[in-house]
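1. got a sequence here, can you model it:
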Amino acid sequence: MSRYDFRTPRLFVEAPLLPHARVVLTQTQAHYLRTVMRLKPGAPVLVFNGRDGEWGASLEPDGRRGAAVAVEAQLRSQTARSDLHYLFAPLKQARLDYMVQKAVEMGAARLVPVMTRHTQVARLNAERMRANSIEAAEQCGILAVPEIDAPAPLAQVLASRAAARWLIFCDEDADVRDPVTALGRVLGADVAGRPSCDVLIGPEGGFAEEERALLLRQQNVIRLALGPRILRADTAAVAALSVVQAVLGDWR
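-> Numbers count the residues shown, from 1 in each chain. Below you'll find the predicted structure:
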């Protein structure tokens, strides 16, 4: 039997969730449930807000076209956020959408846009990034939506990091071509707990030499190559986060 209920519509809401609460939905959510899904009053809906776990609710009309949900009972308690942060050089829109969605699915609790010398995108649509994060969380049974930082230069991001966190940066010029072996070699085969990790993927033009040198001067840094092929940045995100979750994270 599936661990999650994937057939019942699932929505992220901002409001507190508790028994007998009534939460008015956004126009977009109301349109989705009433017009796209054609749900009738009383239909079951799942709701979560990143703080109070997941709750079962039932659909109610709210005016002619609006909708609300009547909160009934908690189905899953809130779990602790992972301590996996994903740092990335921004991409063009369609590929950024994909990358954000996959990073959320892979368990990233924080998304940190990093501006590097070869970054090709100068501006980000923060609202669109958040919308993609919410959609991924809704579809994948995730109980929290990741935090999204404002874009910042690489040097600034590195200076603001907690020194105790591991920094795993993916670099096609790294000597070790087996990332699983590389992580195990540095951290040991039996890693206690789940270390706090920042995973960094650079731009498709790669890191400049001074950026690479700056990264290698950081404490607790691990430099990885993601195998023998050069990956696009959005593909590299999935590959790197998969390796980290398998060796250090919640796949173990």
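
2. number of residues surrounding Arg22?
-> 12 (other C-beta atoms under 10 Å). All C-beta atoms are positioned from the backbone trio N, CA, C, and that covers glycine.

3. and it, what does it touch?
-> 60, 68-71 (C-beta atoms under 8 Å, 6 or more residues apart in numbering).

4. okay if I get those as JSON lines plus neighbour count and secondary structure?
-> Formatted as JSON lines, the contacts of Arg22 follow (neighbours: other C-beta atoms under 10 Å; DSSP: H, G, I helix; E, B strand; the rest coil):
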{"residue": "Glu60", "neighbour count": "18", "secondary structure": "strand"}
{"residue": "Ala68", "neighbour count": "19", "secondary structure": "strand"}
{"residue": "Val69", "neighbour count": "29", "secondary structure": "strand"}
{"residue": "Ala70", "neighbour count": "17", "secondary structure": "strand"}
{"residue": "Val71", "neighbour count": "23", "secondary structure": "strand"}
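
5. and these as JSON lines, adding distance to Phe169?
-> JSON lines is the format used below for the contacts of Arg22 (distance: C-beta to C-beta, whole Å):
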{"residue": "Glu60", "distance to Phe169": "49"}
{"residue": "Ala68", "distance to Phe169": "46"}
{"residue": "Val69", "distance to Phe169": "43"}
{"residue": "Ala70", "distance to Phe169": "48"}
{"residue": "Val71", "distance to Phe169": "43"}
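
6. what about Thr235, neighbour count?
-> 17.

7. now the phi/psi pair for it, please.
-> phi -70, psi -40 (degrees, to the nearest 10).

8. if we can go back for a sec, want to throw the contacts of Arg22 into a markdown table with distance to Gln218 and pLDDT?
-> Listed next are those as a markdown table, based on distance: C-beta to C-beta, whole Å; pLDDT from 0 to 100:
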| residue | distance to Gln218 | pLDDT |
| --- | --- | --- |
| Glu60 | 52 | 96 |
| Ala68 | 49 | 97 |
| Val69 | 46 | 98 |
| Ala70 | 50 | 97 |
| Val71 | 45 | 98 |
